[in-house]
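Undergrad: okay, structure incoming, though there's no sequence with it:
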């Protein structure tokens, strides 16, 4: 699979770690198919941490090499790379210790 290309205010993150949450297990088991439709197999995971390897031309808050945490809107955090929007739920590693699963 090819590495995603970013544009605008997107960040490309090389995933270093990803969290496994109850929703990932439920998607995998097919128990949420009545209200969430995912074709399986599907790359799961909603949150990850990693290193920014590329940024879109509209990014102003981050630079390549920054270590960040990302909470994705769609599953895919178990991949090698993820793309997310700069204005999403992204923050530096050190701030991540205060995140909880709600």
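TA: Received it, and whenever you're ready, just let me know what you need. Predicted model only: the values in this text are computed from it and were never measured.

Undergrad: how many other residues sit next to residue 75?
TA: When neighbours are defined as other CB atoms under 10 Å, residue 75 has 17 of them. Where C-beta positions appear, they are placed from N, C-alpha and C, glycine not excepted.

Undergrad: for the nearest residue in space to it that is not next to it in sequence, what is the enclosing helix or strand?
TA: In space, and not counting its chain neighbours, residue 75 is closest to residue 44: 4.9 Å by CB to CB, 6 or more residues apart in numbering. Using DSSP states H and E, residue 44 falls within no helix or strand.

Undergrad: residues in contact with residue 44?
TA: In this structure, residue 44 makes contact with 24, 27, 28, 75, 76, 77, 78, judged by CB atoms under 8 Å, 6 or more residues apart in numbering.

Undergrad: could I get the full set of strands for this protein?
TA: 10-18, 47-55, 67-71, 81-85, 89-92 (DSSP state E).

Undergrad: want to throw those into TSV with distance to residue 38, mean pLDDT and mean neighbour count?
TA: Shown next, in TSV, are these (distance: least, CB to CB, whole Å; pLDDT from 0 to 100; neighbours: other CB atoms under 10 Å):
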stretch	distance to residue 38	mean pLDDT	mean neighbour count
strand 10-18	17	93	19
strand 47-55	17	93	20
strand 67-71	18	87	19
strand 81-85	17	92	20
strand 89-92	21	56	16
